[in-house]
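A.B. asks: compute the structure for the input listed below.
(chains A and B)
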There are 2 protein chains.
Amino acid sequence: MELFNYFRSSASYRVRIALALKGLDYAYLPVHLAKSEQLGESYAQVSASRLVPLLRDGEASLTQSLAIIEYLDETHPQPPLLPGTPAERARVRALALDIACEVHPLNNLRVLRYLVRDLKVSEDDKNRWYRHWVETGLEVVERQLSAAPATFCHGEAPTLADCCLVPQIFNAQRFNCRLDHVPQVMRVFDACMALPAFEQTRPERCPDAE
Amino acid sequence: MELFNYFRSSASYRVRIALALKGLDYAYLPVHLAKSEQLGESYAQVSASRLVPLLRDGEASLTQSLAIIEYLDETHPQPPLLPGTPAERARVRALALDIACEVHPLNNLRVLRYLVRDLKVSEDDKNRWYRHWVETGLEVVERQLSAAPATFCHGEAPTLADCCLVPQIFNAQRFNCRLDHVPQVMRVFDACMALPAFEQTRPERCPDAE
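C.D. replies: Below you'll find the predicted structure:
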């Protein structure tokens, strides 16, 4: 398998964690988002969506981190990244989407650039925007974790939800977001980071890290 | 089943379509987002995330439209809303996420409110923002549909991807977004709207429509 990746992309980090939890090897192909390499001609040949990450597995060319992780879970079922019942799976997917749909899209690079370049928002207001969505979005996750506390987001083993939670905390820390109001979230984060699959794939450990 | 819903919420519309495609009955419980009813005390008892839609099915209380639709597909498999192979399912999920993660989160009500109230963005710039993310996001979908044209987003029957595409087009039309650059998208939209499951659940037909 080949993973088109950027060390600082949190959607990329989600997939790196899933691959590591499954014990799968892959070639790491860097795409430099801050230099807009994903918009160039050569990456357009690889990806119709021009987004990172992208996973190539034989004939299949897969985009969108959550879809890639579901694919990995279907094609390499052990260890499972989704629990056993439909209601539990729905809870894990909803937690993942609480981050992937409600927090992360508001804070990615192209959105921050649009705020500054097109809407002429000040640097301070841009940072306030970033922190607002992270801090309020993580509150939603906190309430759900508090309703059914466990070692990880759901139960005693990491799932798709943890693959999304950890990269979001890395982003939060980079932008100095408040995190003391989400103790369950941070407890789960610490439990994840004690596992090699999360620790060894962190941004600074990527081949393209700066 | 009980569906907590708002007629104009496109995430709610996704779930209404899926329920209708499956032929499932449900009680429609309106939550008025424009009046911020989802933030009130009584809805806090229902939903830890305070988001709409929410589906109650017996003991299960499910949030996030994509997680709800996957749950419905697992618990009521006919007709399927995901295709038969892992790679095809990944394509459908990625198309759904291209809308649910890349377009819709930037355009929902609380984000538009933050732009205007907190960042003091003008009405014109807010509308420009809205159209920018819809128009560029739909281009991504267009490129992927063009790569494998079919009656619906994927193949000859509607899937999770169509459940996401149609509500996004309703939003686009409401905000006068350009749509002539995405002919494949609009062709699929028309194919969907010819089906009762899409037509009979459209926003104006909801019990709480204004």
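
A.B. asks: please parse chain A into its domains.
C.D. replies: Structural domains annotated on chain A: A:2-79+A:198-205, A:86-195, as defined by automatic domain parsing.

A.B. asks: element containing A:Ala96, please.
C.D. replies: If you go by DSSP states H and E, A:Ala96 is part of helix A:86-100.

A.B. asks: tell me where chain A has helices.
C.D. replies: With helices called from DSSP state H, chain A shows them at A:10-22, A:41-46, A:65-75, A:86-100, A:109-113, A:123-147, A:160-174, A:183-193, A:196-199.

A.B. asks: any idea how far the residue lying farthest from the centre of chain A lies from B:Asp124?
C.D. replies: Outermost residue of chain A with respect to the C-alpha centroid, by Cα atoms, centre = their mean, is A:Lys120; its distance is 28.0 Å. Using Cβ to Cβ, to the nearest Å, A:Lys120 is found at 13 Å from B:Asp124. (Glycine included, C-beta is placed from N, CA and C.)

A.B. asks: the lowest-mean-pLDDT helix or strand in chain A near chain B anywhere?
C.D. replies: For chain A, scoring each helix and strand by mean pLDDT, DSSP states H and E identifies helix A:41-46 as the least confident one, at a mean of 83. No: Helix A:41-46 does not reach chain B (Cβ under 8 Å from any Cβ of the partner chain); its nearest approach is 9.2 Å.

A.B. asks: quick check: buried residues in that helix?
C.D. replies: The neighbour-count check on helix A:41-46 (16 or more other Cβ atoms under 10 Å in any protein chain shown) flags A:Tyr43, A:Val46 as buried.

A.B. asks: name the helices or strands packed onto that helix?
C.D. replies: Applying 3 or more Cβ pairs under 8 Å, 6 or more residues apart in numbering or on different chains; DSSP states H and E, one finds that helix A:41-46 makes contact with no other helix or strand.

A.B. asks: give me the contacts around that helix.
C.D. replies: Defining contact as Cβ atoms under 8 Å, 6 or more residues apart in numbering or on different chains, one finds that helix A:41-46 is touched by A:Phe4, A:Val31, A:Glu37, A:Arg50, A:Leu54, A:Ser61.

A.B. asks: contacts with chain B among those residues, please.
C.D. replies: Restricting the contacts of helix A:41-46 to those touching chain B (Cβ under 8 Å from any Cβ) yields A:Arg50.

A.B. asks: name the nearest residue to A:Ala208, sequence neighbours excluded.
C.D. replies: Rather than Ala, residue A:208 is Asp. If the residues on either side of it in the chain are set aside, A:Asp208 comes closest to A:Pro30, at 3.7 Å by Cβ to Cβ, 6 or more residues apart in numbering or on different chains.
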